[in-house]
Every structure is written in C-alpha cells, then in structure tokens.
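> Provided below are the primary sequence and the corresponding predicted coordinates.
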Amino acid sequence: MAYPKDRKYTKEHEWIQANGASATVGITDHAQESLGDIVFVELPKVGADLTAGKTFGTVESVKAVSDLFAPASGTVTEVNGDLSTAPENVNKDAHGSWMLKINLKDPKELDGLLSAADYEKFVAEEGGH
Amino acid sequence: MSAVETTAPAVRKTALNAVHRQMGAKMVDFNGWEMPVEYPASIACGIINEHMAVRTGVGIFDVSHMGDIRLAGPQALTAVQHISMNDASRLAVGQAQYSALLYPQGTFVDDVIVHRLGEDEYLLVINAGTREKDFNWVRDNTRQFDCAVENVSDDFTQIAIQGPKGVSTMQKLTDADLSAVKFYWVTRGTVCGLKNILIARTGYTAEDGFEIYVPADEATSARVWNEILKAGKEFGVVPCGLGARNTLRLEGSLSLYGHEISDTINVWESRLDRFCKMEKPEFVGRSALEKAKAAGLTRTLVGLEMVERGIARDGYKVLDGGGREIGYATSGSPAPFLKKNIALAYVPPEFAPVGSTVKVEIRGQGVAAQIVPTPFYKRPKK
C-alpha cells in the first residue's frame, strides 16, 4: 500500500499530519489490519497533555487491547466523538479517521518521525520476520 | 525449574494448515498448535463477520487439533463410568453427552464429549491442549478394566459446520438423512464420496450443526474443506477461526478449559451440576464432590454484562461497589451478536443473584457491570 505523503509516521503505527502549530493524529492502515475488527477506542479528554512516545489511550479489537502512543507532545484540542459509537470507521478508513487534534508543543519533534516511504519500508521489513 | 532449558517442541499443524495459509488466515499458536484465528477481510471474514455467519447462516471450523480417545472392549462402559462424571449408561448407540474427567479432588482434568459409537465402543473428544495429559489419565485410570484405550487423535481431520444453515449445507454432501439425527446424536454415512464417516450433531457454538471426522491426510482434508465451502456458498458460508470460536462459545456460556474449568476448580463452583450424576455409586472425584457439597460454595461462576463503557477481559479483577477485589473474569470479550461486552467470572455466592452490581477493574479503574442470566445467548427454537 502507498501511504499518504502528507503526514509522518511512527514505529508504533500512528500517523500525524501537521498544519502549522496544530496536528491531527490517527493510526495507520497496517495497524487496523493487524488489529482486526476494532470495537473500542479510548481517547483522552480535551485539554489533556500528551508526551511524545508515551501512551495516550487504547484501541481494542475483539481479541486484544493495544496502546496508542503519542507521535508528538502537545495539548488535545479536539477528540473524534464518532469513534465511541462507530469504532469500525478506523477499519474502513484508517487514514481518514482522525482520533485527536493537538496543539504541538514543538513542531520540530516531527522531523524525527518516518516519512511515508520509510514507514512502508518499515512495515515490509516487520512483516518479514 | 530445570537448570537446562530444553528446546520447545516444534509447533503442531493440522492437515488443513496449508489451506488456511493459502486463504490468508492470521495464524496463531494455540496450545502448541498453529491455528487460524481469523480469515481476511478481503474474503468477507474477520472475527465479527465469521461470528455473525454462524449465528445467521453457516460457518466452518478446522477443529482437528482436538483430541480423540477410543475405548473399546467388554468393560468399555464400566471404564467410561469410572472416569467420566456424567452417566454414560444412559447413552444409546449413536448418542453423545457432555461430561468431564475429574481428579480425585473433584476438580477438572478436562471437559469431554462422550460418544457411544457401538455396543462396547466409546469415543471421547477432548481439548487440544490436554491431548497427552488426558490420554495418559484415561489409560492410567482404566487399567483395571477389560477395555482397550487408544489415542486416535491423529487419525482424523475434524471439521465443524455450524449455524442454522449447517444442516442444509451438509445434506448436500452426504447420503445420510441428517434430519433424522437429533442434537447430540451421531450417524455414519458417505460424505464427499468418503464411506463410513462419523457425523455428529455436536458443536461448541451454541448453534445447530455438525462435526465430521474425515481421514487426516492433507489431500482428502483439503478436498472436503473446499467441497463444504462450495456447498455452503448459497447460504453465505465463511471459514471461521479460533477468534470467532471463542466469541461464539462465550455468548453460549460454554466452558473453556483453563478458564471456567481447571484443576483448581470443582464441579459445583463451575455450575456444571447437571452433567454430574452423583447417583452413580462411584467415579473418580465423587467422594471429594460429596464433601464439597456439604461444605458449601465459596465462589460460583456467573455471567456479567458491562453497564458502563469498557470491555472486561480474561483475568480482569471483579470488585464490589466499594472497590474491594472479590473475584475475577475467567473469560471476557465483546459479544458480536448480542452487541454487548460480556464476561464469565468467579465471585462469592452473595454476589451471584441476577441483577447484582459489581465493578470490573479495567486499566486501574472500576467499571460498572451487572450479573445477568446465562447463557447470554440461546439459539431460537425452530
């Protein structure tokens, strides 16, 4: 799959799309495919502070609980309420289903994240073991 | 703990392993067996679709990893009666019953379906993870009887065809009159051209359906699997993995060894009383059960439904209203057909009445749940 070039990616399979000082966060298509049917998404409240690399919520499939890791530090400004009633939207369109919007603490944190091409390579290599 | 680590035995595979992989199934290690957990979305599968297919149409499962023990001989019934808690003397030839093998302490070696295949011939179908343990247990506890005990687990590919359209699907592939086979009875017939195949109206999904036992070679197994998929196509058949197998049995409140039943849980606690015939004068575990009954229950198995948002899972703690730990969930998961989050749990008897409120500890927080009647799901009467 060709991952959208308009965003950055993490090794924990989140994506982050920056727009100046704010950004939108979600999980990748690879993540939703590995998880299977998503039945529950637990997200922080508006105003919560995220620290890059730390967990900020969970996504649950029928069989498993998976932590969500913050791609960057910042404060939550919006949470996608649709995901509490329709978590399966993430399976249908992972790259179009945003989870959080945040005000970035330091937009330069994104420089250290994976580009679409690097993420594609990472996923291919991970699948190889 | 041994000082020298031995290498783990290679993971075991059923004869249908290549078929599952070729269909793109996600494979997982289940008690030493490489099994499909779910099939891909690209063929309209996934745990939820597979679960719903079994509830509304038909789904098929490779359950060859389960074990099979054959007891045959003049004292086969006596042997079965000694090791099994249910009353096998009630079985006519061709009839089956759910039961369990118990330790002298009245706790579980395994649960089992006992099939009477002939005058003096019984087939015990047991769990995958307990194949060797059970066979050794059965052999060691029946030496005194004139009865041959054989481990025939590797002789069969076992396929389950489950759902309201299971009968219609199978009828297309066999000359046996399946409408004449009542639930928990068996017959033999030609299936996919194979003669004398055991066809049992049993299952682990809380639906109608069959389990068939065909020769275990890869070519025959694959051919039968594919013919069933073809026959079931008009009914919306899908292949189903262990993920759906678990959600289906949980909705039906069917026990899983290592969860609701184990070697530290007794029959009364697990609420399997109706399968335990204390009127039998003797069976392994009987005297311990008598004592346990007199002593009374300290914990009992209940059904829970989440009231607040959250999913209770295997092993999660159950708390009382004040946040004190009172028990634990043995199995918990979303229920795809019921569209609720459910669990089976051990709690003290005072918390068992239907409607009692408890909490489940989920990531450090107590989330409200209530005790509900079991089974959570019962298939509609025709």
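Cool, got the structure. Residues are numbered from 1 along each chain as shown, chains lettered A, B, ... in the order given.
> so who does residue B:166 touch?
Residues in contact with residue B:166 (C-beta atoms under 8 Å, 6 or more residues apart in numbering or on different chains) are B:58, B:207-210. The C-beta positions use only the backbone N, C-alpha and C, and glycine is treated the same way.
> switch the cut-off to 10 Å
Going by C-beta atoms under 10 Å, 6 or more residues apart in numbering or on different chains, residue B:166 touches B:54, B:57-60, B:160, B:178, B:201, B:203, B:205, B:207-211, B:228, B:232, B:235, B:237.
> and the gap between it and residue B:379?
Going from residue B:166 to residue B:379 by C-beta to C-beta, to the nearest Å gives 11 Å.
> what is in contact with these two at once?
B:205, B:207-208.
> pull the number of nearby residues for residue 97.
Going with chain A. As a burial measure, residue A:97 scores 21 neighbours (other C-beta atoms under 10 Å in any protein chain shown).
> wait, I meant chain B there
18.
> isn't residue B:11 up against residue B:32?
Yes: with contact defined as C-beta atoms under 10 Å, residue B:11 counts as touching residue B:32 (6.2 Å).
> nearest residue to residue 18 other than its sequence neighbours?
With no chain named, the answer covers chain A. Closest residue in space to residue A:18, ignoring its immediate chain neighbours: residue A:110 at 5.7 Å, by C-beta to C-beta, 6 or more residues apart in numbering or on different chains.
> actually, chain B is the one I wanted.
Using C-beta to C-beta, 6+ apart, the closest residue to residue B:18 is residue B:218 (6.9 Å).
> name all residues that make contact with residue B:145.
B:71, B:73-83.
> and these, which is closest to chain A?
Within these, the smallest distance to chain A is 34.1 Å, found for residue B:83 (C-beta to the nearest C-beta).
> tell me which residues touch residue B:320, please.
Residues near residue B:320 by C-beta under 10 Å, 6+ apart: B:326-327, B:347-348, B:350-351, B:356-359, B:366.
> hmm, try it at 8 Å
By C-beta under 8 Å, 6+ apart, the neighbours of residue B:320 are B:326, B:351, B:358-359.
> next: residue A:12.
When contacts are counted by C-beta under 8 Å, 6+ apart, residue A:12 touches A:67-69.
> so of these, which ones are in helices?
The helices, defined by DSSP state H, take in nothing from the contacts of residue A:12.
> dump the residues you listed into JSON lines; add pLDDT, neighbour count and distance to residue B:144 as well.
As requested, the contacts of residue A:12 are arranged in JSON lines below (pLDDT from 0 to 100; neighbours: other C-beta atoms under 10 Å in any protein chain shown; distance: C-beta to C-beta, whole Å):
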{"residue": "A:67", "pLDDT": "97", "neighbour count": "13", "distance to residue B:144": "55"}
{"residue": "A:68", "pLDDT": "98", "neighbour count": "24", "distance to residue B:144": "60"}
{"residue": "A:69", "pLDDT": "97", "neighbour count": "19", "distance to residue B:144": "61"}
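> for the contacts of residue B:320, name the two members farthest from one another.
Spatially, the most separated pair among these is B:351 and B:359, at 11.0 Å (C-beta to C-beta).
> chain neighbours aside, what residue packs nearest to the residue in the stretch 251-382 of chain B positioned nearest to chain A?
Residue nearest to chain A within the stretch 251-382 of chain B: residue B:334 (4.6 Å; C-beta to the nearest C-beta). With C-beta to C-beta, 6+ apart as the criterion, residue B:334 has its nearest non-adjacent residue at 4.6 Å, and that residue is residue A:39.
> and the helices in the stretch 51-200 of chain B?
Under the criterion DSSP state H, counting those that start in this stretch, helices of the stretch 51-200 of chain B are mapped to B:76-83, B:131-140, B:166-171.
> tell me the buried residues in the last one?
Neighbour counts using 16 or more other C-beta atoms under 10 Å in any protein chain shown place B:166-170 of helix B:166-171 among the buried residues.
> pull that helix out as PDB, backbone CA atoms only.
The C-alpha trace of helix B:166-171 is given here as PDB (Å, rounded to 0.1, in the frame of the first residue of the first chain):
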ATOM      1  CA  GLY B 166     -25.400 -26.100   8.700                       C
ATOM      2  CA  VAL B 167     -27.800 -29.000   8.100                       C
ATOM      3  CA  SER B 168     -28.700 -27.800   4.600                       C
ATOM      4  CA  THR B 169     -25.100 -27.400   3.700                       C
ATOM      5  CA  MET B 170     -24.100 -30.800   5.000                       C
ATOM      6  CA  GLN B 171     -27.100 -32.600   3.500                       C
END
